[in-house]
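**Student:** Just the structure for this:
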Amino acid sequence: MKASEFVEGLKRISVRKDLLKKQGVTDQFIEHRKRSYLAAYKGGGSVSQCPLVELVENYDCSNFEIGMIRFDERIEDKGRFVFFGRFEVDNLVIDITSGSVIMLECGLDHVLYDCAQNDSSFLEAILNTAVFLQRRSVEDGLYENEELNNQMAEELGDIAGGEKYYDFYKMRLGV
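**Tutor:** Sure thing, here's the model as predicted:
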C-alpha cells in the first residue's frame with residue numbers, strides 16, 4: 001500500500017456522530033476522532049520507495065491516532081533502524097536489514113513485537129485496524145466478542161504477513 005492510498009483510505013472511514021452519541025461520548029471526542037483520520041499534504045514530494053517514509057515526509061501526520069499508534073513529525077535514521085512512529089511510548093521502526101516493521105521498547109533495541117513483513121503491509125494492516133476499531137466503537141457487543149476480535153487480529157496479522165504478526169494485532173485489539 002502506498003502512502004497516498006493509506007491517507008485516502010483513512011479519509012473514507014465513516015465516523016458516525018449519531019452512533020457515537022448513543023455510546024455517550026462528547027462532541028469534542030467525536031471531532032477529535034474525525035481529525036485523527038485526516039492528514040494534509042505538506043508538499044515537497046518525497047519520492048522514497050518506502051511508503052512509511054513517504055507518509056511521514058509528505059503528509060502532516062500530527063493528527064493521526066489509530067488505536068495508540070501515532071506517527072512522528074519526521075523520519076529518524078539511526079543505524080539499523082528507521083524510526084517513524086510510536087505505539088504508546090514504544091518506538092515503531094523499520095529494520096533496514098530485513099525491511100520489516102517492528103516495535104522496540106522505548107530507548108532500547110529490544111524487540112517487543114513484530115508488526116509487519118514490510119512497511120506497505122503495515123500500512124494496509126493499520127488501515128484495516130482503524131476500520132475495525134471504528135466499527136467496534138459503535139456496534140453493540142462487538143468489543144466484548146472475544147472470538148470475533150481474535151479472528152480479526154489474525155486477519156490483520158495475515159495482511160501484515162502471516163502468523164508471526166498475530167501477537168501484535170491481538171495486543172492491539174486486547175485479546
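**Student:** And the helices in the chain?
**Tutor:** Assigned by DSSP state H, the chain shows helices spanning 3-11, 17-22, 27-35, 51-58, 119-138, 146-160, 166-173.
**Student:** between these, which gets nearest to Met103?
**Tutor:** helix 166-173 (6.9 Å; Cβ to Cβ). Backbone N, C-alpha and C define where each C-beta goes, glycine included.
**Student:** Counting by contacts, list what the closest one packs against.
**Tutor:** Identification of packing neighbours for helix 166-173 by 3 or more Cβ pairs under 8 Å, 6 or more residues apart in numbering; DSSP states H and E yields strand 111-116, helix 119-138, helix 146-160.
**Student:** redo that, cut-off 7 Å
**Tutor:** Counting contacts by 3 or more Cβ pairs under 7 Å, 6 or more residues apart in numbering; DSSP states H and E, helix 166-173 packs against strand 111-116, helix 146-160.
**Student:** residues in contact with Val101?
**Tutor:** 92, 94, 115-116, 119, 122 (Cβ atoms under 7 Å, 6 or more residues apart in numbering).
**Student:** and of those, the nearest to Gly161?
**Tutor:** Ala116 (5.7 Å).
**Student:** partners of that closest one in the sheet?
**Tutor:** When assigned by DSSP bridges, Ala116 has beta-bridge partners Val101.
**Student:** Distance from the chain centre to stretch 132-142, please.
**Tutor:** 17 Å (Cα atoms, centre = their mean, to the nearest Å).
**Student:** scratch that, stretch 22-38
**Tutor:** Worked out by Cα atoms, centre = their mean, stretch 22-38 lies 18 Å from the chain centre.
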